[in-house]
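# Any chance you can model this:
(chains A and B)
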2 protein chains.
Amino acid sequence: MLSTTERTRVRRGKARARTGREDLYAVLDAGLVCHLGVVVDGAPRVVPTAYARIGDTLYLHGSTGARSLRVGGEVCVTVTLLDGIVLARSAMHHSVNYRSAMVYGAPRPVTDPDEHLAALRAITEQLAPGQWDAVRRPDRKELAATAVLALSLEEASVKIRDAPPNDDEADYALPVWAGVLPVRTVFGEPEPDPRLDPPLPVPAHIHGRSTRSSAR
Amino acid sequence: MLSTTERTRVRRGKARARTGREDLYAVLDAGLVCHLGVVVDGAPRVVPTAYARIGDTLYLHGSTGARSLRVGGEVCVTVTLLDGIVLARSAMHHSVNYRSAMVYGAPRPVTDPDEHLAALRAITEQLAPGQWDAVRRPDRKELAATAVLALSLEEASVKIRDAPPNDDEADYALPVWAGVLPVRTVFGEPEPDPRLDPPLPVPAHIHGRSTRSSAR
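Numbers count the residues shown, from 1 in each chain, chains lettered A, B, ... in the order given. Presented below is the predicted three-dimensional model:
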């Protein structure tokens, strides 16, 4: 179960709240990028970035020079998967079907070399499963230039909407089409780097993703 | 041209920064949801939400009771479009192709009835083009319950990565496939509301989206 704190208690759309830890894992594991929120000089800043989960820890990485990783203090990491456009009979009941996770906390810098490497591996594999074993691993210089932050999943919330429109009762009589337009993230045909010389076949772990109906 | 302020000046990945107002419009107009960052009790909070642009103003809406719209002060709105997974010859050069826009500022509550209605129309149309004229418009009670915030596009930045991997020169000799795996957002077949009775045909403005290769 996810614990409830003042900020993870879902106030709006309570019917959409999920409280299982498995729901949290499923949303985080299905995403490709997250949105990282930090406070800089008292104002919010939201940046898209790669991430990965290992157990009950979420990892972020970035250049050791990047401001958003140097700020310290509290962050909010949000992962949103858009699943559909909800087309209602009235304008104000239009909505989206989605899965989203929000994780709050003060991340710690990862200093242990094994954890640092495991996190970088997980972040690479989240974006591109199978690549870690196919490409050159980070060397000492690259490792030193790459900061990794670890954020505990202790304080997190999950919201999922997966339903037809929720119209006002009187509006169901209107002669208006209503339903859900599904939204899917799909992979296209791999595009070889123009500098790939000699040409190599696209590995199965890459090509296989483009034949699937949705991301991950 | 986009003006440059301390926080919109792109520090990381300067080659990805775009400075044209048209680039900003294009990214904002192509998105379906944004990530709204606010500061609550000194900590960041990032929530996915609908939005729309009219001219040089970005509009957000929500229940008049929602905390993220009541907070006041500065916000950051980020729209991210993921276009591809960049598969490099080394782990640390893995990346994504994307278009993203960040808008900073202190939004003003919209009180003018005409602007309020125009914003709600634009937000509905951003998510579901053609729906405003097909469905029941908001009544007085719905309008009173829906807060709209207006955020000037004055302070904004745009980043776009649209390129093959950028490997270390020595790594180009490695026998590793490299390139880009395109990521696309597509619409599936419309799913009628189970309560749609009698069945109505799917309108062209909805059905037409599912035959397109990518969102919008």
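# lowest confidence element among the helices and strands of chain A?
Every helix and strand of chain A was ranked by mean pLDDT, DSSP states H and E. The lowest is helix A:67-70, at a mean of 64.
# Which element is encountered next along the chain beyond it?
strand A:75-87 (DSSP states H and E).
# Which strands border the helix or strand following that following strand, and is each parallel or antiparallel?
Proceeding N to C from strand A:75-87, the next assigned helix or strand is strand A:95-105, under DSSP H and E. Note on strand A:95-105: by DSSP bridges, its sheet partners are strand A:75-87 (antiparallel), strand A:155-161 (antiparallel).
# Now tabulate these in TSV and tack on mean pLDDT and mean neighbour count.
Just so you know, the C-beta spots here come from the backbone N, C-alpha and C atoms, and that holds for glycine as well. Shown next, in TSV, are these (pLDDT from 0 to 100; neighbours: other C-beta atoms under 10 Å in any protein chain shown):
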stretch	mean pLDDT	mean neighbour count
strand A:75-87	98	24
strand A:155-161	96	21
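# The single longest helix found in chain A and chain B, any residue contact?
In chain A, assigned by DSSP state H, the helix with the most residues is helix A:113-127. Yes: legend: contact between helix A:113-127 and chain B by C-beta under 8 Å from any C-beta of the partner chain is shown at A:120-121, A:124, A:127.
# Would you mind checking which of the residues you listed is nearest to residue B:104?
residue A:127 (27.4 Å; C-beta to C-beta).
# burial count for the spatially closest residue to residue A:191 that is not a sequence neighbour?
In this structure, residue A:191 finds its nearest non-sequential neighbour in residue B:180, 4.7 Å apart by C-beta to C-beta, 6 or more residues apart in numbering or on different chains. Neighbour count for residue B:180, taken as other C-beta atoms under 10 Å in any protein chain shown: 23.
# Could you figure out how far the host helix or strand of residue B:180 is turned away from helix A:113-127?
Using DSSP H and E, the element containing residue B:180 is strand B:179-187. Interaxial angle of strand B:179-187 relative to helix A:113-127 (axes from the mean of the first three to the mean of the last three C-alpha atoms, to 10 degrees): 50 degrees.
# circling back to that earlier point, which strands and helices lie in contact with the longest helix of chain A?
Judged by 3 or more C-beta pairs under 8 Å, 6 or more residues apart in numbering or on different chains; DSSP states H and E, helix A:113-127 is in contact with strand A:51-54, strand A:57-63, helix A:140-145, strand A:146-152.
# Mind doing that once more with 6 Å?
Applying 3 or more C-beta pairs under 6 Å, 6 or more residues apart in numbering or on different chains; DSSP states H and E, we find helix A:113-127 packed against strand A:51-54.
# what's next to the strand it packs on, contact-wise?
Contacts with strand A:51-54, where a contact means C-beta atoms under 6 Å, 6 or more residues apart in numbering or on different chains, come from A:28, A:34, A:58-60, A:122-123, A:126.
# quick one on the thing from earlier: can you give the strand pairings for the strand holding residue B:180, parallel or anti for each?
In the sheet, strand B:179-187 lines up against strand A:179-187 (antiparallel), strand A:191-192 (antiparallel), strand B:75-87 (antiparallel) (DSSP bridges).
# As CSV, the ones you listed with distance to residue A:199 would be great.
Listed next are these as CSV, based on distance: least, C-beta to C-beta, whole Å:
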stretch, distance to residue A:199
strand A:179-187, 20
strand A:191-192, 7
strand B:75-87, 15
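# Quick one: closest of the ones you listed to residue B:209.
Smallest distance to residue B:209 across these (C-beta to C-beta): 6.4 Å, for strand A:179-187.
# Now find how far off-centre the closest one is within its chain.
Here the centre of strand A:179-187 is set off from its chain's centre by 17 Å, with C-alpha atoms, centre = their mean, to the nearest Å.
# what pLDDT, on average, does it get?
Confidence for strand A:179-187, expressed as mean pLDDT, is 97.
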